[in-house]
Structures are given as structure tokens and as C-alpha cells.
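*Asks:* One predicted model, sequence on top.
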Amino acid sequence: MIDVQTIAMPREEHTTPAIMLDRLSFAYPDRRVALHEVDLRVDAGEKVALVGPNGAGKSTLLLHLNGVLGALDGRVSIAGTAVKRETLPQVRALVGLVFQDPDDQLFSPTVFDDVAFGPLHMNLPEAEVRERVAWALTQVGMADFGDRMPHHMSLGQRKRVAVATVLSMRPAVLALDEPSAGLDPRARRGLIELLHALPQTMVVSTHDMRLVAEVFPRVVVLAEGRIVHDGPSVDALQNSALLERYGLEPA
């Protein structure tokens, strides 16, 4: 039996949440249940970390934010728009999903081409596409890398470019899966500074509790597809029993 520990977080109830999950459940084709009746509200501008052991359902939850996994049991809405087949273009314009492995996201000959891919498929004028690419690369500290080939760059650089590919779409929500995984200390520090500076609503799946401590005021702990804790990160990081129970390293 999983004990659920939830601390009420302040909410602007009269505003439309950036993300709302209502009794979200999901099972993979092999019948493995990944999420079980998950309720979650994230308000505009919040930065929320999803933590928990491997297989807890963190990545599956992120994938539901822009409809990657298709059919679901329950309801997911982004800025008031329900995630379903007919709304996927709108939802995917609202949610920028950054995968753990940037090579899953970078496939073009140059950095410029990768970052321009989304805006081009929005049928924007060439001048606006170029403006968006320049702006997005500047946001991630890669303004001079447009002509570079992604596969010749470091992992940290490729992760920054992957973030730029979604920023160029001007999303309201960023969903990042294990963004600090595999980074050396310098690249990790740069990532922390970047995530601090970005204004979007942000939900991040991570095992990096130091990243949580430095960037994310709110932490949601998942275990066996359920939310077992939701509250201020500062409290969770001081709760040794909670950390031990769910295999989380102290920050």
C-alpha cells in the first residue's frame, strides 16, 4: 500500500491552469499500468519537478501533455484545451516537449535547420522563421552555432539546441525529460542557469535532486503510477523518510 502525502499548494482557482490532469490512467499494450488516476494542476508560470524511482510513470506523464501516447483514460487539458486527436495541432503549439536524448530531436544537417523545422511547418514567413531561430538560439546561449552540425557538438550543447527547437515554437509550457542526465558539471551549471531564466510553465522529470533544489519550488513524487507526494521542494528535500522510501538522493 502506498501512503499518499500531499501538501496543499496555493492556487489561483479563478484562473485557467496551464496543465490539468483529471483521473489520468494509462496502460501500455502489454497491460503494464503506467499511470493510475493521476490528478495534477499546474498553474501558469509554475516550475514543477516530477521525481520518483524508475518506472514510476514520470516520462509517461510528460508524453501525455502533448498527446504523444494517443488514447487515454481520464482527461488532460493544456490552458483549457482538452488533449484529444482533433486538438493536437493546438496542444503541440502550446507544449514544447524535450526528450532525454537530444539525438531523438535533432535530425537536420545544421543547428539552424533543426531550430527552424517547427516554425517552417507553421507556414510562417521566412523572415519570421529566421527571427524565431535567432531568438531561440540566443535564449539558450547558442547564438553563434546556427551553421554547426549537431552531431559534432557536445552533449550539453546538443541539449541546449534541443531546447531551442521547442522555444522557436513559442510554447506556453515546457516539458523536459531528464534534462541534466549525462552532463558534466560545467554543462549542468549552464543548464540550471538556463532553466532559471526561462519564463515558461515548466514540468521536468528528473532524478537530479540538486537540480530540483536549485530550480523547482514544487516537487511531485510518483511511485507505481500514482502521485504519492505533492508539495514545496524545500520540505520534501528535508524529509528523510520520504526520500528513503522512494529511493531519492538528498540534494
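*Replies:* Happy to help now that I have it.

*Asks:* which residues of the protein score low on pLDDT?
*Replies:* Residue ranges of the chain with pLDDT under 70: 1-14, 71.

*Asks:* ranges for the helices of it?
*Replies:* 58-64, 88-94, 111-121, 126-139, 155-167, 185-197, 209-215, 233-236, 240-245 (DSSP state H).

*Asks:* in the longest one, what's buried?
*Replies:* Within helix 126-139, the residues scored as buried using 16 or more other CB atoms under 10 Å are 129, 132-133, 136-137, 139. Backbone N, C-alpha and C define where each C-beta goes, glycine included.

*Asks:* hang on, the earlier thing: could the helices of the chain go into TSV alongside distance to Gly45?
*Replies:* TSV is the format used below for the helices of the chain (distance: least, CB to CB, whole Å):
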stretch	distance to Gly45
helix 58-64	18
helix 88-94	14
helix 111-121	23
helix 126-139	17
helix 155-167	16
helix 185-197	13
helix 209-215	13
helix 233-236	16
helix 240-245	26
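
*Asks:* so which of these comes closest to Pro102?
*Replies:* helix 155-167 (3.9 Å; CB to CB).

*Asks:* Just the residues contacting that closest one, thanks.
*Replies:* Residues outside helix 155-167 that contact it (CB atoms under 8 Å, 6 or more residues apart in numbering) are 96-99, 102-103, 105-106, 111, 114-115, 117-118, 133, 135-137, 139-142, 145, 150, 153, 174, 176, 179, 182-184, 186-188, 190-191, 194, 198.

*Asks:* From those residues, keep the buried residues only.
*Replies:* Looks like the contacts of helix 155-167 have 96-99, 102, 105-106, 111, 114-115, 117-118, 133, 136-137, 139-140, 142, 145, 150, 153, 174, 176, 179, 183, 187-188, 190-191, 194 buried, using 16+ other CB under 10 Å.

*Asks:* Against Leu174, how distant is Leu194?
*Replies:* 11 Å (CB to CB, to the nearest Å).

*Asks:* what's the answer for Ser240, then?
*Replies:* 31 Å.

*Asks:* What sits closest to Pro17 if chain neighbours are left out?
*Replies:* Arg41 (4.9 Å; CB to CB, 6 or more residues apart in numbering).

*Asks:* Could you report the neighbour count for that neighbour?
*Replies:* 16 (other CB atoms under 10 Å).

*Asks:* Over to Ala143?
*Replies:* With other CB under 10 Å as criterion, Ala143 counts 14.

*Asks:* surely Ile78 meets Val95?
*Replies:* Yes: counting by CB atoms under 8 Å, Ile78 touches Val95, with 5.8 Å between them.

*Asks:* list the residues that contact both of those two?
*Replies:* With CB under 8 Å, 6+ apart as the test, Ile78 and Val95 both reach 65-66, 172-173.

*Asks:* If you rank the residues you listed by neighbours, which is first?
*Replies:* Leu65 (25 neighbours).
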